[in-house]
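Asks: here is my input; please provide its structure:
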Amino acid sequence: QVQVVESGGGLVQAGGSLRLSCTTSGLRFAAYSMGWFRQVPGKEREGVATIAIYGRTMYADSVKGRFTISQDKAKNTLYLQMNSLKPEDTAMYYCAADRIDWWFVAKYNYWGRGTQVTVSS
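Replies: Have a look, this model is predicted:
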């Protein structure tokens, strides 16, 4: 059974940093494309950063230069380092996994339950 679990969210002041983690089990991590998405109430889920099966990364324009996606294949864990946080980054952040490179299309097969990030001004 595949499990995807996010952690690391919280409340931070604008300009601060957080590192999100996504721990997976039940899948061969190295064979999966992984992504971070975020969603605020009333809006569609949007892609933040993704890493393809062969390591290519993609970032939303709104986070380029501030967020970094990385992975530790030995630990089956995906990370999102978020620096220079802004109030508009406030959202529920979700981790996703699939054997297809969906990039920012929210059709990943496996999703976590999310971790809340709140950035105060």
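Asks: Ala30 in helix, strand or coil?
Replies: In three-state terms, and counting by DSSP: H, G, I helix; E, B strand; the rest coil, Ala30 is helix.
Asks: wait, doesn't it sit right on Lys73?
Replies: Yes: with contact defined as Cβ atoms under 8 Å, Ala30 counts as touching Lys73 (5.1 Å). Every C-beta, even on glycine, is put in place using the N, C-alpha and C of the backbone.
Asks: relative to Asp72, how far out is the spatially most central residue of the chain?
Replies: Centre of the chain computed as the mean C-alpha position; nearest residue by Cα atoms, centre = their mean is Trp36, 2.3 Å away. Note on Trp36: its distance to Asp72, by Cβ to Cβ, to the nearest Å, is 15 Å.
Asks: repeat for Gly35
Replies: In terms of Cβ to Cβ, Gly35 sits 16 Å off from Asp72.
Asks: more neighbours: which of these two?
Replies: Comparing Gly35 with Asp72 by other Cβ atoms under 10 Å, the one with more neighbours is Gly35, at 29 against 12.
Asks: return the residues in contact with that one.
Replies: Gly35 sits next to Gly47, Val48, Ala49, Thr50, Ile51, Cys95, Ala96, Ala97, Trp102, Trp103, Phe104, Tyr108 when contact means Cβ atoms under 8 Å, 6 or more residues apart in numbering.
Asks: any idea of the mean pLDDT for the particular helix or strand that has Leu78 in it?
Replies: Per DSSP states H and E, Leu78 falls inside strand 77-82. Per-residue pLDDT over strand 77-82 has a mean of 98.
Asks: outside of stretch 71-85 itself, list whatever touches it.
Replies: 12, 14-25, 27, 29-30, 34, 36, 48-49, 51, 63, 66-70, 89, 93, 95, 117, 119.
Asks: distance between the ends of that stretch?
Replies: With Cα to Cα, to the nearest Å as the measure, stretch 71-85 spans 21 Å from end to end.
Asks: may I see the buried residues of it?
Replies: Gln71, Asn76, Thr77, Leu78, Tyr79, Leu80, Met82, Leu85 (16 or more other Cβ atoms under 10 Å).
Asks: what do you get for stretch 104-119?
Replies: For stretch 104-119, using 16+ other Cβ under 10 Å, the buried residues are Tyr108, Tyr110, Trp111, Gly112, Gly114, Thr115, Val117, Val119.
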